[in-house]
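Chemist: Pasted the sequence and its predicted model underneath.
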Amino acid sequence: MLVHSSAPVFVRSTLLPGTGIDAVLDLLRRGPAGGVDFGWLHGEDGAVGGGAAVRWEPRPGEGTGAAASWWDGVCARLEHTGDSAGHASLAFGSFPFDPGHTRAAPVLVLPEWVLVHRHGGTVLLEASTRPFPVPATARLDALLGAVDQAPQEPVGLHEEHEALDAEQWAERVARGVKRILVGDLDKVVLARQVTVRGDRPLPVGRLARRLHASYPRCWTFLVDGLVGASPEMLVRREEGLVTSRVLAGTIGVSGATPETLGAALASSSKDLLEHEYAVASVASALAPYCDGMNVPSAPYVLELPNVLHLATEITAATSPMTSVLELVGALHPSAAVCGTPTPTARRLIAELESMDRGRYSGPVGWVDSTGDGAWAIALRCGQVDPDDSRVVRLFAGCGIVADSDPDAEVAESEAKLVPMRTALAEASAATGRVASGTGAR
Ligand SMILES: C=C(O[C@H]1C=CC=C(C(=O)O)[C@@H]1O)C(=O)O
């Protein structure tokens, strides 16, 4: 909704003692048209929201810089009411991977309502360009009362033929390797897509709930039809402390034990090199904004149900003036999703992938009215077609270096598609309640 740039934006926060994460997760059980547009879940914390009190209307070519200015302007107009004035308002957003090569627009929205469970407490945040007509309790009752407890109709799913099948994509990977070998670049991340069509609207909220139940150590997100569970934290800012989890270098889970797989990954020179490029790109992009940066000298192995990754957690301190959106703008695209050097890799991606990545592999997350926030890289995800809620495009990509083997990259991309394929199938077949309260592993 467009509002006059000086008009107040009313926000109300209501503490809800005794309400836990299950209430937040339950909201995802509302049907496909249930009014849940935003979600962010990690371990025992979560936020789910709907509607748009104010939405950023980007002009062509605008990105995180313009989004940050818009959000600063909104924050300057916030008028708090309620029993805990000062609770930070949250805006959810996501940005395309390559604004110069997509039809997807960036998103940043202050939702009409968000139910947040964080650090053991729950709060209902509301926002509106008009004074609130009903008390917060009425809103909450309406939200929770509309949760669909009835068995849902199963959704039949089938995968559609792609412009590039796995074999053709392997051939593009081989071309990428050749370009590396002739010295055009060091690394490029190439992705593929799989389209899934349902015979009725896809249960996106339930899908997010399933992803969170299976991947509690990942960041499950839902922003305007972009839904997934990412293991990679581009940047989180919490009271001046900055953290980034860099991933690159992957091995799919197979018959071998996690210990054997982890040892193979940690000693693979191909994966270590791929990882090194990603860490270097994040550390150098953060440096101008941070003090006291700590970059561990060697990665650890992050174990997920479908894959193991080489991972590095970078920490640093930043000034109160640097908002998380500014850091997002500086960090994206890292070499975990683009390559090295960035401009050459970006051009090669546009040339070889034969698809529009849209918001896949772009930043996705939230910013609050203090400039804190958390932005993952949109991986292990799918984009629901904005014009047809029965259709979702799933994506998976792989870092390609000189030693990459195209068939092994196809197998790795298949492993990366497992979370979405499985959760989609489970959510579409689900007829009862999904167990919650998974906890961080
Ligand atoms: C591009 C993706 O993963 C990136 C993140 C972690 C590990 C990666 C790898 O080992 O290739 C990729 O760089 C994706 O999942 O679509």
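Modeler: The structure has been received and is ready for your questions.

Chemist: Leaving out the residues flanking it, which one is nearest to the residue nearest the centre of the chain?
Modeler: Central residue of the chain (C-alpha atoms, centre = their mean): residue 378, 3.7 Å from the mean position. In this structure, residue 378 finds its nearest non-sequential neighbour in residue 364, 4.3 Å apart by C-beta to C-beta, 6 or more residues apart in numbering. Backbone N, C-alpha and C define where each C-beta goes, glycine included.

Chemist: Wait, a strand at the one you found?
Modeler: Yes - according to DSSP: H, G, I helix; E, B strand; the rest coil, residue 364 belongs to a strand.

Chemist: which residues does residue 305 contact?
Modeler: 214, 215, 253, 419 (C-beta atoms under 8 Å, 6 or more residues apart in numbering).

Chemist: Any chance of JSON lines for those residues, columns distance to the ligand, neighbour count and pLDDT?
Modeler: What follows is the contacts of residue 305, written out as JSON lines (distance: C-beta to the nearest ligand atom, whole Å; neighbours: other C-beta atoms under 10 Å; pLDDT from 0 to 100):
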{"residue": "214", "distance to the ligand": "16", "neighbour count": "19", "pLDDT": "97"}
{"residue": "215", "distance to the ligand": "13", "neighbour count": "24", "pLDDT": "97"}
{"residue": "253", "distance to the ligand": "14", "neighbour count": "15", "pLDDT": "93"}
{"residue": "419", "distance to the ligand": "10", "neighbour count": "28", "pLDDT": "98"}
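
Chemist: Any chance of JSON lines for those residues, columns secondary structure and distance to residue 392?
Modeler: Formatted as JSON lines, these follow (DSSP: H, G, I helix; E, B strand; the rest coil; distance: C-beta to C-beta, whole Å):
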{"residue": "214", "secondary structure": "helix", "distance to residue 392": "17"}
{"residue": "215", "secondary structure": "coil", "distance to residue 392": "17"}
{"residue": "253", "secondary structure": "coil", "distance to residue 392": "24"}
{"residue": "419", "secondary structure": "helix", "distance to residue 392": "13"}
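
Chemist: any idea which of the residues you listed is closest to residue 311?
Modeler: Distance to residue 311 across those (C-beta to C-beta) is lowest for residue 215, with 14.5 Å.

Chemist: how about the nearest residue to the closest one, chain neighbours excluded?
Modeler: residue 229 (4.2 Å).

Chemist: One more: residue 235?
Modeler: Residue 235's closest residue in space is residue 327 (C-beta to C-beta, 6+ apart), at 4.6 Å.

Chemist: Any part of whatever helix or strand the one you found lives in near the ligand?
Modeler: Residue 327 is part of helix 324-331, with elements assigned from DSSP states H and E. No - Helix 324-331 is not in contact with the ligand by C-beta under 6 Å from any ligand atom; minimum separation 13.9 Å.

Chemist: what does the stretch 201-350 of the chain have sitting close to the ligand?
Modeler: Checking the stretch 201-350 of the chain against the ligand by C-beta under 6 Å from any ligand atom, the hits are 232, 247, 248, 249, 250, 309, 336, 337.

Chemist: switch the cut-off to 5 Å
Modeler: Neighbours of the ligand within the stretch 201-350 of the chain, by C-beta under 5 Å from any ligand atom: 247, 248, 250, 336.

Chemist: Thought residue 213 was touching residue 419, still the case?
Modeler: No - using C-beta atoms under 8 Å, residue 419 is not in contact with residue 213; the gap is 11.2 Å.

Chemist: ok, now how distant is residue 250 from residue 346?
Modeler: 21 Å (C-beta to C-beta, to the nearest Å).

Chemist: where's the residue nearest to residue 235 relative to residue 73, distance?
Modeler: 19 Å.

Chemist: Who has more neighbours out of those two?
Modeler: residue 327 (27 against 14; other C-beta atoms under 10 Å).

Chemist: Let me know the helix or strand that the spatially closest residue to residue 399 that is not a sequence neighbour is in.
Modeler: Nearest residue to residue 399, sequence neighbours excluded (C-beta to C-beta, 6+ apart): residue 274, at 4.3 Å. Element membership for residue 274, per DSSP H and E: helix 269-286.

Chemist: likewise residue 65?
Modeler: Counting by DSSP H and E, residue 65 is found in helix 64-76.

Chemist: continuing past that helix, what's the next helix or strand?
Modeler: strand 78-82.

Chemist: what lines up beside that following strand in the sheet?
Modeler: Partners of strand 78-82 in the sheet, by DSSP bridges, are strand 9-15 (parallel).

Chemist: And the nearest residue to residue 348 once chain neighbours are set aside, what's its pLDDT?
Modeler: Closest residue in space to residue 348, ignoring its immediate chain neighbours: residue 188 at 5.1 Å, by C-beta to C-beta, 6+ apart. On pLDDT, residue 188 comes in at 98.

Chemist: Who are the contact partners of residue 188?
Modeler: Contacts of residue 188 (C-beta under 8 Å, 6+ apart): 176, 179, 180, 338, 339, 345, 348, 349, 352, 399, 400.

Chemist: from those residues, which single one is nearest the ligand?
Modeler: Closest approach to the ligand among the contacts of residue 188 (C-beta to the nearest ligand atom): residue 399, at 3.5 Å.

Chemist: mind showing which ranges of the stretch 101-250 of the chain have poor pLDDT?
Modeler: Judged by pLDDT under 70, the stretch 101-250 of the chain has its weakly predicted residues at 146-151.

Chemist: Output the contacting helices and strands for the helix or strand encompassing residue 302.
Modeler: Using DSSP H and E, residue 302 maps to strand 300-303. Contacts defined by 3 or more C-beta pairs under 8 Å, 6 or more residues apart in numbering; DSSP states H and E place strand 300-303 against helix 258-266, strand 307-318.

Chemist: pLDDT score for the spatially closest residue to residue 73 that is not a sequence neighbour?
Modeler: In space, and not counting its chain neighbours, residue 73 is closest to residue 5: 6.4 Å by C-beta to C-beta, 6+ apart. With respect to pLDDT, residue 5 has a value of 70.

Chemist: Residue 5 against residue 74, yeah?
Modeler: No - judged on C-beta under 8 Å, residue 5 makes no contact with residue 74 at a distance of 9.4 Å.

Chemist: To what extent is the residue of the stretch 51-200 of the chain at minimum distance from the ligand buried, counted in neighbours?
Modeler: Proximity of the stretch 51-200 of the chain to the ligand (C-beta to the nearest ligand atom) peaks at residue 189, 5.2 Å away. Look at residue 189: counted by other C-beta under 10 Å, it has 28 neighbours.

Chemist: Look at it and give its secondary structure.
Modeler: strand.

Chemist: what is the mean pLDDT for stretch 25-32?
Modeler: 81.

Chemist: Farthest from the middle of the protein: give me that residue.
Modeler: Distance-from-mean max, the chain, by C-alpha atoms, centre = their mean: residue 182 at 34.3 Å.
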